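A.B. asks: show me how the following folds:
(4 chains)
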Number of protein chains: 4
Amino acid sequence: MRPERLTAFSDGVVAIIITIMALELKAPHGDDFSALAALTPIFLSYLLSFIYVAIYWNNHHHLMHACKRVTAAILWANMHLLFWMSLIPFATAWMGDNHYAATPTAFYGVILLMPAIAYKLLQTAIVHAQGCDGELATALGRDVKGVISPLLYLVSIGCAFVAPWIAHAIYVLVALMWIVPDKRIESMLSNGPRA
Amino acid sequence: MRPERLTAFSDGVVAIIITIMALELKAPHGDDFSALAALTPIFLSYLLSFIYVAIYWNNHHHLMHACKRVTAAILWANMHLLFWMSLIPFATAWMGDNHYAATPTAFYGVILLMPAIAYKLLQTAIVHAQGCDGELATALGRDVKGVISPLLYLVSIGCAFVAPWIAHAIYVLVALMWIVPDKRIESMLSNGPRA
Amino acid sequence: MRPERLTAFSDGVVAIIITIMALELKAPHGDDFSALAALTPIFLSYLLSFIYVAIYWNNHHHLMHACKRVTAAILWANMHLLFWMSLIPFATAWMGDNHYAATPTAFYGVILLMPAIAYKLLQTAIVHAQGCDGELATALGRDVKGVISPLLYLVSIGCAFVAPWIAHAIYVLVALMWIVPDKRIESMLSNGPRA
Amino acid sequence: MRPERLTAFSDGVVAIIITIMALELKAPHGDDFSALAALTPIFLSYLLSFIYVAIYWNNHHHLMHACKRVTAAILWANMHLLFWMSLIPFATAWMGDNHYAATPTAFYGVILLMPAIAYKLLQTAIVHAQGCDGELATALGRDVKGVISPLLYLVSIGCAFVAPWIAHAIYVLVALMWIVPDKRIESMLSNGPRA
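C.D. replies: Numbers count the residues shown, from 1 in each chain, chains lettered A, B, ... in the order given. Below is the predicted model of the structure:
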């Protein structure tokens, strides 16, 4: 199987995930500003999740560019990533509906943590398929962001039960940290033979 | 990243947006004409939004044709556009459900205004990536439609609180104005080296 | 714009239409056979619509194969077709929910008639873009099926108010008639320079 | 029609099926762990179905790789497969909502059995189009997994009414059996002229 097909399928799933999240924003019954304003927490959690899914789409693309052939391990690591991402709309809706209460905030952290781990596994599967001294392995180096993010999610999950706003601040912070695309892989690709 | 991938992903999101809007047309409980006729306002707002999303899809395609490489700015400008477009089904449903009341009508204008601004930003990001004297910059010229539309949406938002029907008339008018594809970029492309 | 892009976008919309129809099959509250059996009319109307959408996808593909360039008329004729097709899930749900009552059955006929007309317009737009003596015009010949179908839908709409079962029989009949792909265009393509 | 188009359309439908299943996981009303824990059966049935759909996507890809041209029989065999797969979200929701009661468990088996039969028919149509001594026919050999699975589903359907947990165990077992991609076709493709 060519990586292009796996990427196209993943793109389709991600496009649907990012769009159906907006379906949680149900038209309110009233027709005035207060009816609209009541949706603010749902809107904000949608905005945050939209950014996270966009980041994943972007990084996933950079990663798959470095993938030359699809092994069974890569295929299932990718499905595993899509599975956890498919739960983001659920976690988003639960957190938004409950005005960022403690448990839904912690659960949102879990649902950010799982795709982060899944992404790490996918990265490992791709590196493994290329040999440990391959381009991608070199390009990733110590992968600081990929290690820090899961740790920060873990901190958030703990914080959620003490002071949910700290958890929310961390979620926003990690998103900002990732909005910058993965320069390492990008520069490898532009220097390497595939560029 | 090649522009083709960004276009394919955007196509997926737009295809979902345009289709899930129709889900707002829920099968009525009665089985006679009056039950169906009661859905007329929802149907008409769906029709209007379908046309707007179709226009965006079309113009987006012409624009991306002129994009030779995807920078981080273009990527996020495009995601920003998709974010606001993903709210069109919500605004459509709210306006249709409330029979074009003042506030939902004004809000619909806001949700037309935001993608218009986002599209302008995307255009700017693409022009910027090519240099200010690039083909696209020349082709766009003064971009009369791109400047008039946001102004008309602003007027509509104001009108909605006085006489909603004027706002609706403006929304229809702007849609008609845009149904004609962007001749400037099109003619550039057919004269230019990419054609 | 290349026809491939328009086809890809249409494919996306059609894939979503055909799949979200299944969402109307909501899991019943009971957990026995009778709860499931109560969904039979919704299931059968879903099956019929699935076949119709599959036929459109298939014929649309054959038609677009014969399209060499996309004019504004073709673009909007295609959007017009997608608009009416996007209402099929709604008509399907309304007919199924109401156990094939007269008005929903007639309305289903209307929602089959409109895409049939839209398809005809799209065909005309493509023939027009190629010149009236083009390959496609010759291949289509008198287009018997394309003329008979709308007439049969019109008959069905009338019958629905007298004896709905005749309308249903006609809907099934027309579907069977179309399941055979359009041999004329197919044979043109395999003889012509594009094959 | 090129097999690529049929594959792309099928990919779109499968991507939507796999994603909308997650919509059944509706955000609970409570904001504590118990509200979340109540969704466990729905989550587990979603997980199982996600794996099944992923297996179909994967095997479908391998199969379509071996397809050189699309006949009408292949087209409709593929649509038939997609139809039954589109009912997986419904069966999943019904089984999850009813905590794996007997009838929904048996019905889930039916909804696994039908795509298995449809897949077999598609395989036959592709083999037939190539001639019975073609590469694919040789590669498939006795197709042990493809014969055992439907039989196991039949056993499950029977077991569901006696001891549902046996049926669930069989569903999990068959999924595990299929997670390994179809080595036979894969090795044929890597040895054959298409590789």
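
A.B. asks: and the residue in chain A that chain B sits nearest to, what's its pLDDT?
C.D. replies: Closest approach between chain A and chain B, counting by C-beta to the nearest C-beta: A:A15, at 3.4 Å. For glycine as for every other residue, the C-beta is placed from the backbone atoms N, C-alpha and C. A:A15 is assigned a pLDDT of 95 by the prediction.

A.B. asks: how about it: what's its closest non-neighbour residue?
C.D. replies: In this structure, A:A15 finds its nearest non-sequential neighbour in B:G12, 3.4 Å apart by C-beta to C-beta, 6 or more residues apart in numbering or on different chains.

A.B. asks: next: A:I42.
C.D. replies: Using C-beta to C-beta, 6+ apart, the nearest residue to A:I42 is A:G96, at 3.7 Å.

A.B. asks: where's that neighbour, which helix or strand?
C.D. replies: Applying DSSP states H and E as the criterion places A:G96 in helix A:88-97.

A.B. asks: next, the angle from the helix or strand just after that helix to helix A:88-97.
C.D. replies: Where DSSP H and E defines the elements, the next helix or strand beyond helix A:88-97 is helix A:102-130. Taking axes from the mean of the first three to the mean of the last three C-alpha atoms, to 10 degrees, one finds helix A:102-130 and helix A:88-97 inclined to each other by 160 degrees.

A.B. asks: now the strands for chain A?
C.D. replies: When assigned using DSSP state E, chain A turns out to have no strands.

A.B. asks: okay, helices next: where are they in chain A?
C.D. replies: A:3-20, A:33-37, A:40-65, A:72-85, A:88-97, A:102-130, A:135-140, A:144-160, A:164-179, A:183-191 (DSSP state H).

A.B. asks: same for the first one, what does it pack against?
C.D. replies: What it means is helix A:3-20. helix A:40-65, helix A:72-85, helix A:88-97, helix B:3-20, helix D:3-20 (3 or more C-beta pairs under 8 Å, 6 or more residues apart in numbering or on different chains; DSSP states H and E).

A.B. asks: at 6 Å instead, please
C.D. replies: helix A:40-65, helix A:72-85, helix B:3-20, helix D:3-20 (3 or more C-beta pairs under 6 Å, 6 or more residues apart in numbering or on different chains; DSSP states H and E).

A.B. asks: kindly report the same for the longest one.
C.D. replies: Other elements packing on helix A:102-130 under the criterion 3+ C-beta pairs under 6 Å, 6+ apart are helix A:72-85, helix A:88-97, helix A:135-140, helix A:144-160, helix A:164-179.

A.B. asks: shaky segments in chain A?
C.D. replies: Low-confidence segments of chain A (pLDDT under 70): A:131-135, A:137-142, A:180-195.

A.B. asks: pull up the residues of it that are close to chain D.
C.D. replies: A:9, A:12-13, A:16, A:72, A:79, A:83, A:86, A:90, A:93-94, A:97-98, A:101, A:103-104 (C-beta under 6 Å from any C-beta of the partner chain).

A.B. asks: identify the farthest-apart pair in those residues.
C.D. replies: Spanning the widest gap among the residues of chain A next to chain D are A:A72 and A:A101, at 41.0 Å by C-beta to C-beta.

A.B. asks: present the helices and strands packed on helix A:102-130 as a markdown table; the columns should include mean neighbour count.
C.D. replies: Output for those, formatted as a markdown table (neighbours: other C-beta atoms under 10 Å in any protein chain shown):
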| stretch | mean neighbour count |
| --- | --- |
| helix A:72-85 | 21 |
| helix A:88-97 | 25 |
| helix A:135-140 | 19 |
| helix A:144-160 | 17 |
| helix A:164-179 | 17 |
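
A.B. asks: make JSON lines from the ones you listed and add distance to A:D32 to it.
C.D. replies: Formatted as JSON lines, those follow (distance: least, C-beta to C-beta, whole Å):
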{"stretch": "helix A:72-85", "distance to A:D32": "36"}
{"stretch": "helix A:88-97", "distance to A:D32": "21"}
{"stretch": "helix A:135-140", "distance to A:D32": "52"}
{"stretch": "helix A:144-160", "distance to A:D32": "33"}
{"stretch": "helix A:164-179", "distance to A:D32": "28"}
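
A.B. asks: hmm, back to that, tell me which of the helices and strands packed on helix A:3-20 sits nearest to D:T40.
C.D. replies: Taking C-beta to C-beta, helix A:72-85 is the member of these nearest to D:T40, at 16.0 Å.

A.B. asks: return the distance of A:L39 relative to A:L25.
C.D. replies: 6 Å (C-beta to C-beta, to the nearest Å).

A.B. asks: please disregard the earlier target; I meant A:A167.
C.D. replies: 22 Å.

A.B. asks: with A:L87 instead?
C.D. replies: On the measure of C-beta to C-beta, A:L87 and A:L25 end up 18 Å apart.

A.B. asks: how about A:I157?
C.D. replies: Here A:I157 is placed at a distance of 26 Å from A:L25 (C-beta to C-beta).

A.B. asks: re the thing from before, can I get the helices and strands packed on helix A:3-20 in JSON lines including distance to A:T124?
C.D. replies: Output for the helices and strands packed on helix A:3-20, formatted as JSON lines (distance: least, C-beta to C-beta, whole Å):
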{"stretch": "helix A:40-65", "distance to A:T124": "11"}
{"stretch": "helix A:72-85", "distance to A:T124": "8"}
{"stretch": "helix B:3-20", "distance to A:T124": "24"}
{"stretch": "helix D:3-20", "distance to A:T124": "24"}
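
A.B. asks: of those, which is nearest A:I148?
C.D. replies: Comparing the helices and strands packed on helix A:3-20 against A:I148 with C-beta to C-beta, the closest turns out to be helix A:40-65 (14.3 Å).

A.B. asks: now do the buried residues in that closest one.
C.D. replies: Neighbour-count burial for helix A:40-65, counted by 16 or more other C-beta atoms under 10 Å in any protein chain shown, picks out A:42-46, A:48-65.
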